[in-house]
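Trainee: Turn this into a model:
(one chain, ligands or ions: 2)
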Amino acid sequence: MKNDKLVIATKNKGKTAEFKKIFKPRGIDVLTLADVKELPEINETGSTFLENAMIKAEIVSKHTNLPVLADDSGLIVDALDGAPGVHSARYAGDHDDIANNQKLLRNLDGIPMEKRTARFHTTLVLMRPDGSKLVSNGEIAGIILKEPQGNNGFGYDPLFYVSEKKKTLAQMSQTEKNEISHRGRATVDLMTKFDSWWRQK
Ligand SMILES: O=c1nc[nH]c2c1ncn2[C@H]1C[C@H](O)[C@@H](COP(=O)(O)OP(=O)(O)OP(=O)(O)O)O1
Ligand SMILES: [Mg+2]
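Mentor: Residues are numbered from 1 along each chain as shown. Ligands and ions are numbered 1, 2, ... in the order given. Reported below is the predicted structural model:
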């Protein structure tokens with residue numbers, strides 16, 4: 001497993017930091033899209049997390065000729081019939097976390113705490129240039145607060161309250177978040193199959 005390279009197919013700095021923390025201890029050399037030259041355009045046109053993760057994984061693994069891990073994730077809010085869902089990154093503006101959080105709060109205006117239930121979802125696709133792949137999923141349940149709390153993490157973290165921990169994801173350290181988050185859980189699920197998949201070339 002020494003000198004093995006894995007490209008994380010994300011432009012999201014928050015995701016990148018979380019994945020580096022997870023994969024570096026495994027002796028895997030983690031590259032990101034910042035290391036990829038002449039990256040083709042990636043349009044997330046899928047209607048499911050799986051479709052979008054597949055789009056990212058396919059484009060990047062073909063282009064780099066390396067194994068790639070792609071993450072598509074988002075926030076599913078019950079009172080909004082599952083929105084923003086696959087559109088989480090583009091809910092209010094293109095990758096504008098502050099605008100996205102404000103729009104979420106506006107759309108939940110007047111909704112009482114007990115009806116503000118939500119979950120984060122992650123689908124991971126690990127793919128080789130030959131198209132062979134591993135897929136995993138992870139979720140975490142929470143409640144959307146009426147105002148943000150905490151400065152860690154990224155995206156919707158300051159609004160996402162985890163009852164068991166009595167704090168938001170943005171009030172947790174990266175290690176604490178990885179232990180319980182959708183992304184952390186999807187990664188644990190992936191890792192149960194990873195070692196044997198990674199060795200078979
Ligand atoms: O742990 C999380 N904590 C807070 N917010 C999160 C989290 N995980 C996903 N999210 C939100 C951020 C973004 O609004 C959307 C993901 O969209 P998604 O397309 O998967 O990622 P992205 O466009 O930011 O980066 P990229 O596609 O290059 O991986 O869900
Ligand atoms: Mg995206």
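
Trainee: Residue 37 falls within a helix, correct?
Mentor: No. The assignment for residue 37 (DSSP: H, G, I helix; E, B strand; the rest coil) gives coil, which keeps it out of a helix.

Trainee: check contacts around residue 92.
Mentor: Listed by Cβ atoms under 8 Å, 6 or more residues apart in numbering, the contact partners of residue 92 are 99, 100, 102, 103. Heads up, the C-betas are built off the backbone N, CA and C, glycines and all.

Trainee: Confirm the third one sits in a helix?
Mentor: Yes. Read with three-state DSSP, residue 102 is one of the residues of a helix.

Trainee: Verify the stated contact: residue 58 with residue 129.
Mentor: No. If you go by Cβ atoms under 8 Å, residue 58 and residue 129 don't touch, sitting 9.5 Å apart.

Trainee: part of a strand, is residue 75?
Mentor: Yes. Looking at residue 75 with three-state DSSP, it is inside a strand.

Trainee: What's the separation between it and residue 23?
Mentor: Per Cβ to Cβ, to the nearest Å, residue 75 is found 24 Å from residue 23.

Trainee: So between the two, which is more surrounded?
Mentor: Between residue 75 and residue 23, counting by other Cβ atoms under 10 Å, residue 75 is the more crowded of the two (26 against 18).

Trainee: Any idea which residue of the protein lies closest to ligand 1?
Mentor: residue 155 (2.3 Å; Cβ to the nearest ligand atom).

Trainee: Contacts only, for that residue.
Mentor: Listed by Cβ under 8 Å, 6+ apart, the contact set of residue 155 reads 14, 75, 88, 97, 100.

Trainee: Turn these into CSV, including distance to residue 147 and pLDDT.
Mentor: Formatted as CSV, the contacts of residue 155 follow (distance: Cβ to Cβ, whole Å; pLDDT from 0 to 100):
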residue, distance to residue 147, pLDDT
14, 20, 95
75, 17, 98
88, 19, 98
97, 15, 96
100, 15, 97
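
Trainee: top of those residues by neighbour count?
Mentor: Result: residue 75 is most packed of the contacts of residue 155 (other Cβ under 10 Å), 26 neighbours.
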